[in-house]
Each structure stands twice: as C-alpha cells, then as structure tokens.
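Participant: one predicted model, sequence on top.
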Amino acid sequence: MTEQSDVKLTYAELVGLLEAIFLRHGVSGDAARVLAANCAACERDGSFSHGIFRMPGYVSTLNSGWVDGQALPLVEDCAPSFVRVDAKGGFAQPALEAARPLVLDKVKQNGIAVLAIRRSHHFSALWPDVEPFAEQGLVALSFVNSMACVVPQGGKKALFGTNPVAFATPRKGRPPFVFDQASSAIAHGDVQIAAREGHALKPGQGVDRDGQPTTDPKAVLDGGALLPFGGHKGSSIALMVEILAAALTGGHFSWEFDWSAHEGAQTPFTGQLFIIIDPERGGNASFEARVSQLCDMVLEAGQDRLPGDRRHAIRAVAEKDGIPLKGETYARLKQFAEG
Ligand SMILES: NC(=O)C1=CN([C@@H]2O[C@H](COP(=O)(O)OP(=O)(O)OC[C@H]3O[C@@H](n4cnc5c(N)ncnc54)[C@H](OP(=O)(O)O)[C@@H]3O)[C@@H](O)[C@H]2O)C=CC1
Ligand SMILES: O=C(O)C1=NCCCC1
C-alpha cells in the first residue's frame, strides 16, 4: 500500500464522510450538507489549502464554541437590488444558500444584486461561492476578509486578512472562467502546509516577528506576518476587501475580533460581499462568445494557462478515478466522523 493514494473516494462518498463529521460536531443538517459539499469540491479540484486539510480546523473551532454550527441565518430584503444576511455567528456558506433564491430573483428583476453577509465565519476557498452563479449565466464577484496576518505595504503591524477576491463569468462552449486569489503574497493555508512539509517560502512573501524578511514558514506563523502581493497594489486590494466585506456589510475587520478565549478557534469571524450581474442587461448578445474569444487571445498571446484550468484538469481526473486520500488522512477523517 503506498502512502500517497491509499484510498480513492467518489465526490459523493467524500461529501458523505465530511457531512458526518460536521453533524457529529454540532452542525445543523442544512449547514453540514453545504459545508461538506464545499470542502469536498475543494479537495476534488486540487484546492488543497482549503480541502480536507481544513477539517481538523473546523473540528477544533466547533469544539471551542467559537462558531455556531446551529445558527439560522436571517435574510433581509432591504432594497430592490440589495440583500443582507446576518449569519448570526454561523458559517458564511449556509448564509449564502439561505439568500440565494432572493438574490437570483433580484438579479432577474433588476439585472444586478448585492449580497452583504455579516457576522459570518469563512474558512474555505471562494471559487465554490461564485462558480455556480456563472454556471447559471451570471457574472459574480465576491470578497471576504479573514484574520489580521498581513502587513500593509511598508508597514510593521499585521492588519489585513489574506482577503481573497473571486470572479466568475460564463463563457461560450466552456466551463465558466473563474479566478480566486488571496491579496497576500501567499494564502495562510499554504504557509501552514509549507511549515508542515518543511518547505521554504519564496522571498517577498513573509516577515518574522521582528518585521525582518524571512522564508521560514514557521517564523511567519510564530508571530510574523505575510506581505501583500504586488506591493502597494495588493495592499490597496486588501484594504478594499476590508471595506467591502466588513465596513459595508457590518462584519468585523480582520483585526477586530478576539478569539483568544476559544482555544482551538481558527475560523475568522468577519463578513462577505457578493456582486451578481446579469450580463444580458449589457445588451451584447455575444457576451459569452466575447469572453471565450478573450480567453483564447490570452493563451495565444503566450500565457501558459488560464485560472481555473488546473482545477478543471484535476477535477476531470478525480471524476474518472476518484479523489485520492492518504490512508492516514482517511483514517483521521473516519475517526472524526465516528469517534
Ligand atoms: N476564506 C478565506 O478567508 C481565505 C481563502 N483563501 C483561499 O485560498 C485559495 C488560494 O489562494 P491563492 O494562494 O491566492 O491562490 P493561487 O495563487 O494558487 O491562485 C490564484 C488564482 O490564480 C490562478 N493561477 C495560479 N497559477 C496560475 C498560472 N500559472 N497561470 C494562470 N493562472 C494561475 C489560480 O487558478 P487555479 O486554481 O486553476 O490554479 C487561481 O484562480 C483561494 O481559493 C482563496 O479563496 C485565501 C485567503 C483567505
Ligand atoms: O488561507 C488563508 O489565508 C485562510 N483561509 C481560511 C480562512 C483564514 C485564512
């Protein structure tokens, strides 16, 4: 038996296993289903910093009482194109699901809708939140802030979260074009993975507790911080995400919440914003063809690949052969599920 691919699960089998873990740790049926599908999709698509790697963090956070797995999101219809959700200290993805029908209705009616989620915990990749809108022919943007671990450009104090931005659009003849990127030079999850596997970071990604440049992931995690991607430009994007995901929604800034009384807590308690647009309202009947044309031109101009291509290639293999899990990882998941 090789350590690398001891077990292969179908997507449905992995969802079932993860759902059992969430249920066993106090998450409601609806939320467990949504979170399990989200996490399994990340693993299936090779988003390894936010797939099953995150399950111990979900479990320790639930055990700490920091997140409310039973929270019932409150959906508020507050303007023709504006939906607000109070996630009430629960996870962001079930809040999105609760708001989805109203958001889709508003996009249909008005061509655009903003969804502002507050008092929510987001511990995953962002692409699973936006891709389904594009699969329905809509353009979607989302922003979420996390926990203070990124110094503003030239600064000394960690203030921003790793604050990803995701964008999804339909395109003709192909799956949606989606990108999903942190505004830090590297996601916090990848720093944790580098520390676990003994890999160095790249220069320019992190600083140690004294603010000195370091490539040691452990020094970043032990009181150090990350840098924004692209210097002042990434710093401004991180700042924008704080404004959209927190100030505008009524959620916490990345530096504002205090989880110190909840040992084991790992999920940021912040907010999330979505902007969903019906491209048909632009009046260009060939919108999807134009997007496809542009994507082709980017490749023709010499870019190796487009965002999402790697995920779709990994997904295709997983759909054919199953999702590979190390034996020890599978055993740990079973233990979380069954005790
Ligand atoms: N919940 C939270 O608070 C946070 C979540 N995250 C999540 O962490 C994940 C990782 O973020 P990050 O490390 O910035 O992601 P990456 O830098 O790995 O990738 C960012 C985007 O660029 C694409 N991409 C990567 N390499 C190339 C390339 N050579 N050519 C073209 N496109 C490329 C990726 O597509 P592909 O996927 O196909 O490789 C992806 O869409 C994200 O899913 C993000 O949502 C990050 C921060 C906080
Ligand atoms: O990888 C990251 O960065 C984060 N992911 C989940 C939430 C905390 C930050």
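Facilitator: Right, received. Where do you want to start? Residues are numbered from 1 along each chain as shown. Ligands and ions are numbered 1, 2, ... in the order given.

Participant: give me the domain ranges for the chain.
Facilitator: Domain assignment of the chain by automatic domain parsing yields the ranges 1-64+308-339, 71-184+228-306.

Participant: tell me which of these sits most buried.
Facilitator: domain 71-184+228-306 (a mean of 19; mean count of other C-beta atoms under 10 Å). No exception for glycine: its C-beta is placed from N, CA and C like everyone else's.

Participant: average pLDDT for that domain, rounded please.
Facilitator: For domain 71-184+228-306, mean pLDDT rounds to 98.

Participant: what's the closest residue to Q153 other than its chain neighbours in contact with, if anything?
Facilitator: For Q153, ignoring the flanking residues on the chain, the nearest one in space by C-beta to C-beta, 6 or more residues apart in numbering is S235 at 3.8 Å. The contact partners of S235, by C-beta atoms under 8 Å, 6 or more residues apart in numbering, come to P152, Q153, F160, P228.

Participant: do R196 as well
Facilitator: By C-beta under 8 Å, 6+ apart, R196 has no neighbours at all.

Participant: near ligand 2, which residues of this structure are found?
Facilitator: Contacts of the chain with ligand 2, taken as C-beta under 6 Å from any ligand atom, map to S49, F123, S146, M147, T162, A182, A187, H188, G189, P268.

Participant: swap in 8 Å and give it another go.
Facilitator: By the rule C-beta under 8 Å from any ligand atom, the part of the chain lying against ligand 2 is 49-50, 54, 122-124, 146-147, 149, 161-162, 164, 182, 184, 187-192, 266-268.

Participant: got the phi and psi for the nearest residue to P228 once chain neighbours are set aside?
Facilitator: Distances taken as C-beta to C-beta, 6+ apart put G234 closest to P228, at 3.4 Å, once the chain neighbours are dropped. Backbone torsions for G234, taken as degrees, to the nearest 10, come to phi -70, psi -30.

Participant: beta partners of D77?
Facilitator: Here D77 sits in beta bridges with V83, going by DSSP bridges.

Participant: would you confirm that it contacts L102?
Facilitator: Yes. Taking contacts as C-beta atoms under 8 Å, D77 lies within contact range of L102: 6.0 Å.

Participant: regarding the residue of the stretch 1-150 of the chain found nearest ligand 2, what is its secondary structure?
Facilitator: Nearest residue of the stretch 1-150 of the chain to ligand 2, counting by C-beta to the nearest ligand atom: S146, 3.9 Å away. Secondary structure assignment for S146 (DSSP: H, G, I helix; E, B strand; the rest coil): coil.

Participant: among the residues of the chain next to ligand 2, name the ones in helices.
Facilitator: Among these, DSSP state H puts H188, G189, D190, V191, Q192 in helices.

Participant: now the second one: how far from A125?
Facilitator: The span separating G189 from A125 equals 9 Å under the rule C-beta to C-beta, to the nearest Å.

Participant: same question for the last one.
Facilitator: Here Q192 is placed at a distance of 15 Å from A125 (C-beta to C-beta).

Participant: same check, this time on the third one
Facilitator: Distance from D190 to A125, counting by C-beta to C-beta: 12 Å.

Participant: now the common contact residues for the two.
Facilitator: S49.

Participant: on that earlier part again, could the contacts of S235 be laid out in a markdown table, adding secondary structure?
Facilitator: Formatted as a markdown table, those follow (three-state DSSP):
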| residue | secondary structure |
| --- | --- |
| P152 | coil |
| Q153 | coil |
| F160 | strand |
| P228 | strand |
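
Participant: now the two most distant members of those residues.
Facilitator: Among these, the pair separated by the greatest distance (C-beta to C-beta) is Q153 and F160, at 10.2 Å.

Participant: show me the common contact partners of the two, please.
Facilitator: Joint contacts of Q153 and F160 (C-beta under 8 Å, 6+ apart) are P228, S235.

Participant: secondary structure element holding E13?
Facilitator: Counting by DSSP states H and E, the element that carries E13 is helix 11-24.

Participant: dump the longest helix belonging to the chain to PDB, restricted to CA.
Facilitator: Using DSSP H to define each element, the chain has its longest helix at helix 92-110. Provided in PDB are the C-alpha atoms of helix 92-110 (Å, rounded to 0.1, in the frame of the first residue of the first chain):
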ATOM      1  CA  ALA A  92     -20.900  32.000   5.600                       C
ATOM      2  CA  GLN A  93     -21.800  29.400   3.000                       C
ATOM      3  CA  PRO A  94     -25.100  28.400   4.600                       C
ATOM      4  CA  ALA A  95     -25.900  32.100   4.800                       C
ATOM      5  CA  LEU A  96     -25.300  32.300   1.100                       C
ATOM      6  CA  GLU A  97     -27.500  29.300   0.500                       C
ATOM      7  CA  ALA A  98     -30.300  30.900   2.600                       C
ATOM      8  CA  ALA A  99     -30.100  34.100   0.500                       C
ATOM      9  CA  ARG A 100     -29.600  32.500  -2.900                       C
ATOM     10  CA  PRO A 101     -33.300  32.400  -4.100                       C
ATOM     11  CA  LEU A 102     -33.900  36.100  -3.200                       C
ATOM     12  CA  VAL A 103     -30.600  37.200  -4.800                       C
ATOM     13  CA  LEU A 104     -31.400  35.300  -8.000                       C
ATOM     14  CA  ASP A 105     -34.900  36.800  -8.000                       C
ATOM     15  CA  LYS A 106     -33.400  40.300  -7.700                       C
ATOM     16  CA  VAL A 107     -30.800  39.800 -10.400                       C
ATOM     17  CA  LYS A 108     -33.600  38.600 -12.700                       C
ATOM     18  CA  GLN A 109     -35.800  41.600 -11.800                       C
ATOM     19  CA  ASN A 110     -33.100  44.300 -11.800                       C
END
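
Participant: before I go, just wanted to say thanks for your time.
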